[in-house]
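Student: Provided below for reference: sequence and predicted model.
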Amino acid sequence: MPEPIKVLTSRTLVLTQANIDTDQIIPARFLTTTETTGLGAKAFYDWRYESDGTARPEAVLNRIDPSEHRILVAGDNFGCGSSREHAPWALYDYGFRAVISTGIADIFTSNALKNGLLPIVVDQATWDDLVAHPEQPVTVDLEANEVRRGNHPPVAFAVEAFARQCLLDGVDTLGWLSNHTPAIEAFERSHEPQTVTEPA
């Protein structure tokens, strides 16, 4: 199960490139697994490693501590390209818990929300400030639906209600249903067809 997201304060990792697609996030050759763990090592693989697997020391994703950079600030149209749940799996396993951009692809947004990763769309001015100050701590408050940083006014963001509740609770769709099993069973019992006895 994903960890709950309520109030997250972290430094950011900034990748300003626009149109970062899912094949850049997790190359297609790594889609042979259905395990959600272990893919963090493959996140942005072709940016981080040479063809022989040697790590590129200049690659920022090889130089940061993921536990201190849990918010990714990305360029416009992030997560475009083919649909693959492996993309949010890889980002989550690497250590990210939120992605902030001026535009995030719809399918990626849906996959991210189902897998514990919070996609946030902000206005250009807010994004510009985040890019200009990558070391300032940023707070993502899902309880209040706002991003806060420095002395700036909070910036509101929207999240679909059911997905928001799952993120707050740290559950996926199946986990949410499992948590409501007693209520579901009670509802089913109350709606069982009644047996009608015909008069003799």
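Tutor: Sure thing, it's come through.

Student: can we go C-alpha only for contacts and neighbour counts from here?
Tutor: OK.

Student: what residues sit buried inside the longest strand anywhere in the chain?
Tutor: Looking only at the chain and at elements set by DSSP state E, the strand with the highest residue count is strand 7-15. Applying a neighbour-count criterion of 16 or more other Cα atoms under 10 Å, one finds 8-14 buried in strand 7-15.

Student: output the contacting helices and strands for it.
Tutor: strand 69-74, strand 138-141 (3 or more Cα pairs under 8 Å, 6 or more residues apart in numbering; DSSP states H and E).

Student: would you turn those into JSON lines with mean neighbour count, distance to Arg164 and mean pLDDT?
Tutor: Rendered in JSON lines, the data for the helices and strands packed on strand 7-15 read as follows (neighbours: other Cα atoms under 10 Å; distance: least, Cα to Cα, whole Å; pLDDT from 0 to 100):
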{"stretch": "strand 69-74", "mean neighbour count": "24", "distance to Arg164": "17", "mean pLDDT": "98"}
{"stretch": "strand 138-141", "mean neighbour count": "21", "distance to Arg164": "11", "mean pLDDT": "98"}
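
Student: the strands in the protein, which residues?
Tutor: Across the chain, reading from the start of the chain, the strands by DSSP E fall at 7-15, 69-74, 98-101, 118-121, 138-141, 146-149, 155-156.

Student: quick one, which of those strands gets closest to Leu61.
Tutor: strand 7-15 (8.4 Å; Cα to Cα).

Student: could you find the closest non-adjacent residue to Ala112?
Tutor: In this structure, Ala112 finds its nearest non-sequential neighbour in Pro88, 5.2 Å apart by Cα to Cα, 6 or more residues apart in numbering.

Student: ok, now which ones touch the residue most central in space within the chain?
Tutor: Centroid-nearest residue in the chain: Leu117, 1.7 Å away (criterion: Cα atoms, centre = their mean). Applying Cα atoms under 8 Å, 6 or more residues apart in numbering, we find Leu117 in contact with 88, 92, 96-99.

Student: kindly recompute the last result at 7 Å.
Tutor: When contacts are counted by Cα atoms under 7 Å, 6 or more residues apart in numbering, Leu117 touches 88, 92, 97-98.

Student: do Lys114 as well
Tutor: Asp172.

Student: measure it to Pro193 for me?
Tutor: For Lys114, the distance to Pro193 (Cα to Cα, to the nearest Å) stands at 35 Å.

Student: again, but for Leu91
Tutor: For Leu91 relative to Pro193 (Cα to Cα), the value is 48 Å.

Student: give me the more crowded residue out of these two.
Tutor: Applying other Cα atoms under 10 Å to Leu91 and Pro193 shows that Leu91 carries more neighbours, namely 25 against 8.

Student: the more buried one and Ala41 touch, don't they?
Tutor: No: Leu91 sits out of contact with Ala41 when judged by Cα atoms under 7 Å, with a separation of 9.5 Å.
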